Structure formats: structure tokens, C-alpha cells
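> Below are the sequence and a predicted model for it; my questions follow.
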Amino acid sequence: MRITLSMMFGAVMAAGLSAPTAALADGDAVAGAKVFRKCAACHVADEAKNRVGPHLVDIVGRPVASVDGYKYSKAMTEHANEVPEWTEEALEAYLRDPRGVVKGTKMAFAGLKKDDEVANVIAYLKDPSAAE
């Protein structure tokens, strides 16, 4: 069996990142709503409506590549075999470096580099209504 880099990443995600980082635990949904504006051209977080990207309603805890009616890239569907659920940790890694985590993803966004932005967006995605 040949082990790929993405398989190793999946194993690391599953084994080594079971507790949220301090940054994730301290996320602010209101601030996250502002950061999410960078994502809003392609994604919706408060309505099950796909745009260029899939909707992100209830993404935390949702299976990867699972939104009905959205055509995922082959890379993302393969990623779902390695990292089957969008945990906070999986989202954190992907939001920081989408193309590094899922080589061949359709998502063109370069990623969020600041810890607080990542934590805040995840807080917002967990509960968009908290930002109202």
C-alpha cells in the first residue's frame, strides 16, 4: 500500500488534534461575521443555498463533501475519505491553507493567516445567528 501525503495528513488530523486550540475556543461570532465577508462571494452560512461554493450551514460536524446538489472537485471527494468530518480542527487547517490541505480543490481563496480570524470565522460558522 502506498501512503500519500494526504493520507498522512488525515491520520495526523484524526490522531493528534482532538482538542480545540486556544484560538478556536476563544472565537467571536460577531467578529467572524465580518471576516466571513471574504467568503460571502462564494458561500452562504445562514441559508442552505449553494453559490459558487457549497453552503456552510451546520458545517461543523458535517461530513466533508456532503451538500446535496453541489458538485465537489475530485480532490475534495477524495479528501472526504481521509478526513470524513468537518471538525473545528479540520476547518482550521483548511481555512488556513485550502490548496495545501486539499490539493486540487476548486476553492481559489488563499486562506486566512491570522489565528483570531480563523477562530472567529469558525465561531460564526458554528452559530451565524450569534452575530445578529
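That came through fine.
> can you give me the helices in this protein?
5-16, 22-25, 29-35, 74-82, 88-96, 98-101, 115-126 (DSSP state H).
> Ok, which of those helices comes nearest residue 55?
The closest of the helices of the chain to residue 55 is helix 115-126. By C-beta to C-beta, the value is 10.9 Å. For the C-beta atoms, the positions are set from N, CA and C on the backbone; glycine is no exception.
> and the closest one, what does it pack onto?
helix 22-25, helix 29-35, helix 88-96 (3 or more C-beta pairs under 8 Å, 6 or more residues apart in numbering; DSSP states H and E).
> could the helices of the chain be laid out in TSV, adding mean neighbour count?
Putting those into TSV (neighbours: other C-beta atoms under 10 Å) gives the following:
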stretch	mean neighbour count
helix 5-16	14
helix 22-25	14
helix 29-35	18
helix 74-82	17
helix 88-96	21
helix 98-101	17
helix 115-126	23
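> Where does pLDDT dip in this protein?
Flagging of the chain using pLDDT under 70 yields the residue ranges 1-25.
> Centre-most residue in it?
residue 91 (3.3 Å; C-alpha atoms, centre = their mean).
> so that residue makes contact with residue 125?
Yes. The pair residue 91 / residue 125 is scored as a contact, 7.2 Å apart, by C-beta atoms under 8 Å.
> Mutual contacts of those two, please.
Taking C-beta atoms under 8 Å, 6 or more residues apart in numbering as the contact rule, residue 91 and residue 125 both touch 59-60.
> Any idea which of the helices of the chain gets closest to residue 54?
Of all those, helix 74-82 comes closest under C-beta to C-beta, at 9.3 Å.
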